[in-house]
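**Q** Sequence and predicted model, in that order:
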Amino acid sequence: MKNRTYISAPYRGKNRWAVEQNINIAGMFAEMVSDVYEDVPIVVHNVIRDVWGLGNHPTGDSIDVEIVRLNKIMFDACDTLAVCGDAITTGMEEEIKWAEDKGMPIIKIPMYNLQEWL
């Protein structure tokens, strides 16, 4: 059975355009993990698109809590954490802590590796 690798990459951005760019970059990292490591990438970015960080929406906070729970369920099904890109966000710090607590292998993939692979 192939290794399942959780893709940890920035999601939030200054505006909707920046969020979409981050989602697309996470997808490219997932393709790279599949190609180079021959792992099955698990990417939550597309799952949470349009619902994470609803801001002033009345149910925004409760939705964010549920999304973190969903992320953790998907994370727990994985064997490896891939920390992707050059920036480490608050959410990524949490995912790194989850991996360390679980004793999960962590691979770091800087942006230049993605650019070379492309």
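**A** Received the coordinates, thanks.
**Q** can you give me the helices in this structure?
**A** Secondary structure of the chain (DSSP state H): helices located at 16-32, 45-48, 60-76, 90-102, 111-117.
**Q** Please produce CSV containing those, extended by mean neighbour count and distance to residue 7.
**A** All C-beta spots, glycine's among them, are computed from the backbone N, C-alpha and C. Output for the helices of the chain, formatted as CSV (neighbours: other C-beta atoms under 10 Å; distance: least, C-beta to C-beta, whole Å):
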stretch, mean neighbour count, distance to residue 7
helix 16-32, 16, 5
helix 45-48, 16, 8
helix 60-76, 14, 10
helix 90-102, 15, 9
helix 111-117, 12, 11
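**Q** Figure out which of these is closest to residue 82.
**A** Smallest distance to residue 82 across those (C-beta to C-beta): 6.8 Å, for helix 16-32.
**Q** Run through who's touching that closest one.
**A** 7, 9-13, 41, 43, 45-46, 49, 82, 84-85, 109, 113-114, 117-118 (C-beta atoms under 8 Å, 6 or more residues apart in numbering).
**Q** what about 6 Å?
**A** Residues external to helix 16-32 that are found in contact with it (C-beta atoms under 6 Å, 6 or more residues apart in numbering): 7, 9, 10, 11, 13, 41, 43, 45, 84, 114, 117.
**Q** Could you report the pLDDT at the second one?
**A** Yep, that's residue 9 we're talking about. In this model, residue 9 is scored at 95, pLDDT.
**Q** ok, it touching residue 82?
**A** No - when contacts are counted by C-beta atoms under 6 Å, residue 9 is not listed as touching residue 82 (8.3 Å).
**Q** and residue 33, what is it in contact with?
**A** Residue 33 neighbours (C-beta under 6 Å, 6+ apart): 5, 39, 41, 82.
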